[in-house]
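**Q** Sharing a sequence plus its predicted fold:
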Amino acid sequence: MTEGKIVLVLLDGLRDDTARLHLGFMEGLVAAGQAGRRTLRCGLPSVSRSLYHTIHTGLAPAEHGITGNTVVAPSRHPSVFSEAAAAGRVTAAAAFAWFAELYNGAIPYDPADHREVDDGDRAIRHGRFYLDCDIPDGEVFHQAEMLVRRRAPDYLLVHPMGIDHTGHAHGGESRQYRDRVGGCDELLSHHVPGWLDRGYAVIVTSDHGMDAEGRHGGDYPAVTRVPFYLAGGPPLVVPPDVEADQRAVAPTVLRLMGLPVPETMRVPPLV
Ligand SMILES: [Zn+2]
């Protein structure tokens, strides 16, 4: 934590109860007192593009204007990426292409132009983006690890899509869904200890959950309750039995980085 550097792992489509049961490595950090854990209530609609932006701006979809998955527009509000970049901090992402559309002006997204970016004028300076929702989660973690070792970013987003993809195909209470969550836990167990050793604080969270029929978007616990873990950081200030607000993630990241929290981020940070 000494340098205020953050890795945020966004496990797309991970419901809170499944995280508790199947992220054994993360739950082990909590049990050992090396991480804090809370349940977050996500924004609405409980869909990805809207909530990628809620996680990074601290605004609800009705406020930031990215009100659905097919609303393709660039960010118009202060975000973790914009604030960190403006402060001269190095930003990076191994993430789905929608992040390039939101923060790097990559509209329309063209893989030939936008898939690999190393550009100090972009809000995401070092971007490695993908379009295939069935990309192996390990490939995304390996890209992230490469970015850590070569670029030493101050803020790194790691965004695998496999849990969401498997949930849509088989349902959020299926063996396949749980296996994919367990696979991501295995990947976390390989990468997180090294990131902590390098002085990163590591957040693991999700955009939205997944119901038994492979659906999300609405307002009920299977799709709106997601986990939030913080390892290598200070204690969380929200009482353990209180559901926190997903809009708290962005100001939490900026506070951990030692950066000012813009006034658009009105929900108090979790640290
Ligand atoms: Zn989905």
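**A** Cool, got the structure. Numbers count the residues shown, from 1 in each chain.

**Q** Next, give phi and psi for residue 83.
**A** phi -70, psi -40 (degrees, to the nearest 10).

**Q** Read off the pLDDT value for it.
**A** In this prediction, residue 83 carries a pLDDT score of 98.

**Q** Touching, it and residue 259? I think so.
**A** Yes - with contacts counted by C-beta atoms under 8 Å, residue 83 reaches residue 259, the gap being 5.7 Å. In short, each C-beta sits where N, CA and C put it, glycine included.

**Q** okay, these two: which has more neighbours?
**A** residue 83 (24 against 19; other C-beta atoms under 10 Å).

**Q** what separates the more buried one from residue 125, distance-wise?
**A** For residue 83, the distance to residue 125 equals 13 Å [C-beta to C-beta, to the nearest Å].

**Q** correct me, but residue 10 touches residue 55?
**A** Yes - if you go by C-beta under 8 Å, residue 10 and residue 55 touch, sitting 6.8 Å apart.

**Q** and for these two, which residues touch both?
**A** With contacts taken as C-beta atoms under 8 Å, 6 or more residues apart in numbering, the residues that reach both residue 10 and residue 55 are 205, 207.

**Q** which helices and strands does the helix or strand residue 142 falls within pack with?
**A** Assigned by DSSP states H and E, residue 142 falls within helix 137-151. Under the contact criterion of 3 or more C-beta pairs under 8 Å, 6 or more residues apart in numbering; DSSP states H and E, helix 137-151 touches strand 91-96, strand 126-130, strand 155-158, helix 175-197.

**Q** To what extent is residue 114 buried, counted in neighbours?
**A** When neighbours are counted by other C-beta under 10 Å, residue 114 registers 20.

**Q** now the strands for this structure?
**A** For the chain, applying DSSP state E gives strands covering 5-10, 35-41, 91-96, 116-118, 126-130, 155-158, 200-205, 225-231, 244-245.

**Q** what mean pLDDT does the shortest one have?
**A** Averaging pLDDT along strand 244-245 gives 98.

**Q** Endpoints of stretch 242-261, how far apart?
**A** Criterion C-alpha to C-alpha, to the nearest Å; first-to-last residue distance in stretch 242-261 is 23 Å.

**Q** Pull out the buried positions in the helix holding residue 142.
**A** Using 16 or more other C-beta atoms under 10 Å as the test for burial, helix 137-151 gives 137, 138, 140, 141, 142, 143, 144, 145, 147, 148.

**Q** and of the residues you listed, the nearest to residue 48?
**A** The nearest member of the buried residues of helix 137-151 to residue 48, counting by C-beta to C-beta, is residue 140 at 14.8 Å.
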